[in-house]
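Enquirer: Coordinates only, no sequence provided:
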């Protein structure tokens, strides 16, 4: 257990925080502008340090999270790892045999608290946190017993994710101090409110819980529950059930690991997009509300048109100062972007010198419109550059001039990122969760070795399918243009259909059947006729190839299971249709030669 002297550092108004706390929180603060669309106060103030406060406030009040959608697309695209061919948890039969009453597999797939399954929790809670707060921690803590007096009741272990702002101290594998997501009752005035702080103190063998009590502003803590019993969970695992969610290692110092996001490659350009978009908003407002000017013909009320004001300071002596209302112009001057800019009328300064009055006597200041499009292009380019930092330019959903070779490199880069993400998910989230869940569930019934034998062996998935439909379409076209083998182009077309309409749609299934049975696939009508005329195929093959699309639609209507039949049964149906055509057709099929004349009679 942690010493009371160590614990006391945190039980006060200004608790101790380790030296890396600020860095960890700063990483999250930067990322959540893009992940959650939070106001970029610090970013805009840093970008425009000398700007008037009221103009900065105008920017922030009109802020739109321009990068949030694209950050979400990044994490959504990466979440497709759960569709990888080799994504599975590898539950073992031994699990059910250990304790039939409460299966480990059932707990994780059907009875996981609040989320039904662990995978639901993983992709709804841990997944988004992994990308915008890599120094957050996962705390495996059992929920309170339904019946505290029942010693046979199983623990219900559950993962709590706590952001880096709530992790006051952390030493990997040794100890951690985390502010709980729960609250205790404290007194505010004459009322009891649930706003008190609860701390979890983790080490290798225990979880000590201290809760705030008494008055809210007194910061008094106790480690006893309402019945007077110590609030401590003695697990004796030998491992701390609290670990960082992890990411890409940024710094390592004396056992402390500081992580950056796995998608930090997009951050710098996304930050630029935020600043450029804010400038675009300002520029658009100025163009939509240009300065209006008028000839000034209303004298200033402050100085009565004289330009100066007479004041009497503390010493009683009067003196004149420049009018603070009109700045000495004698006429009122409005400086807001939406107001009127007044211009003095022409005045005679000599016998022949007269400054002419502008005609007409009012108008609007002309502004160049090119800057609007320029700034729009700038922030959109920033977003695309940010996406390229994680090999995901394609989520911009616009045509690209990139060659097929460069696209293949992008695909390789994306697969590398997917592997890195998958490794972090398996090693930093799934594996420790399974271990501590097993220890809580069965630790008092079976040995450590037996638990380890029952735990799933989750492998890191590697077979990702991240190609998008548009790229497959381009590859199919390129393959045909290059004259590649028909089997290659056909398979590319089928892959495209699966991406476009779904793997279980009838469209790709029909294409697979047609590809399998068409005896003259890849040939156009003229080529098929030439093949038949030269004796390169039988009449039956010619008819089947020419009408295979019609035959397939007919077969599906007549037999709803046609697409699922084996090859021979499908072939028999096609041959029956061919026979029907031959029975109705002339005895001799006219064949046209290349010169347009009949080749047979």
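Expert: Structure's in. What do you need? Quick caveat: nothing in here was measured; it's all calculated off a predicted structure.

Enquirer: Thought residue 224 was touching residue 230, still the case?
Expert: Yes. Here residue 230 lies in contact with residue 224, judged by C-beta atoms under 8 Å, at a distance of 6.2 Å. Quick note: C-beta positions are derived from backbone N, CA and C, even for glycine.

Enquirer: name the element the spatially most central residue of the chain belongs to?
Expert: What sits nearest the mean C-alpha location of the chain, by C-alpha atoms, centre = their mean, is residue 72, with 2.6 Å. Assigned by DSSP states H and E, residue 72 belongs to helix 68-78.

Enquirer: Which parts of that helix count as buried, going by neighbours?
Expert: Using 16 or more other C-beta atoms under 10 Å as the test for burial, helix 68-78 gives 68, 70-75, 77-78.

Enquirer: Quick check: the residue nearest to the centre of the chain vs residue 134, distance?
Expert: 17 Å (C-beta to C-beta, to the nearest Å).

Enquirer: thinking again about what came up before, is there a neighbour count for the residue nearest to the residue nearest to the centre of the chain when sequence neighbours are not counted? I'd like the number.
Expert: The shortest distance from residue 72 to any residue that is not its chain neighbour, by C-beta to C-beta, 6 or more residues apart in numbering, is 7.8 Å, and that residue is residue 35. Each residue near residue 35 was counted by other C-beta atoms under 10 Å, and the total is 23.

Enquirer: For residue 44, see how far away residue 35 is.
Expert: Residue 35 sits at a distance of 18 Å from residue 44 (criterion: C-beta to C-beta).

Enquirer: what's the offset of stretch 42-60 from the middle of its chain?
Expert: 27 Å (C-alpha atoms, centre = their mean, to the nearest Å).

Enquirer: what's in contact with it?
Expert: Residues lying outside stretch 42-60 but in contact with it, judged by C-beta atoms under 8 Å, 6 or more residues apart in numbering, are 29-30, 33, 39-41, 271, 274-275, 278, 281-282.

Enquirer: which among the residues you listed end up buried?
Expert: 29-30, 33, 40, 271, 274-275, 278, 281-282.

Enquirer: Quick one: residues in contact with stretch 507-527.
Expert: By C-beta under 8 Å, 6+ apart, the surrounding residues in contact with stretch 507-527 are 486, 489-491, 493-494, 497-498, 500-502, 528, 531, 537, 541-542, 544-546, 548-549, 552, 556, 562-563, 567, 570-571, 574.

Enquirer: Do I have it right that residue 278 meets residue 63?
Expert: Yes. With the criterion set as C-beta under 8 Å, residue 278 and residue 63 qualify as a contacting pair; they are 7.2 Å apart.

Enquirer: about what we covered before: and which of the buried residues of helix 68-78 is nearest to residue 187?
Expert: Within the buried residues of helix 68-78, proximity to residue 187 (C-beta to C-beta) peaks at residue 68, which comes in at 40.3 Å.

Enquirer: How about the contacts made by the nearest residue to that closest one once chain neighbours are set aside?
Expert: Sequence neighbours aside, residue 37 is the residue nearest to residue 68 in space, at 3.8 Å (criterion: C-beta to C-beta, 6+ apart). Remark: with contacts taken as C-beta under 8 Å, 6+ apart, residue 37 is in contact with 65, 67-68.

Enquirer: And for residue 274?
Expert: 33-34, 40, 43-44, 66-67.

Enquirer: again, only using 10 Å
Expert: Residues near residue 274 by C-beta atoms under 10 Å, 6 or more residues apart in numbering: 33-34, 40, 43-44, 47, 63-67, 379, 382-383.

Enquirer: returning to that earlier point: what's the pLDDT at the residue nearest to the centre of the chain?
Expert: Residue-level confidence at residue 72 comes out at 93, pLDDT.

Enquirer: Residue 495 too?
Expert: Predicted confidence (pLDDT) for residue 495: 73.

Enquirer: Next: residue 317.
Expert: 71.
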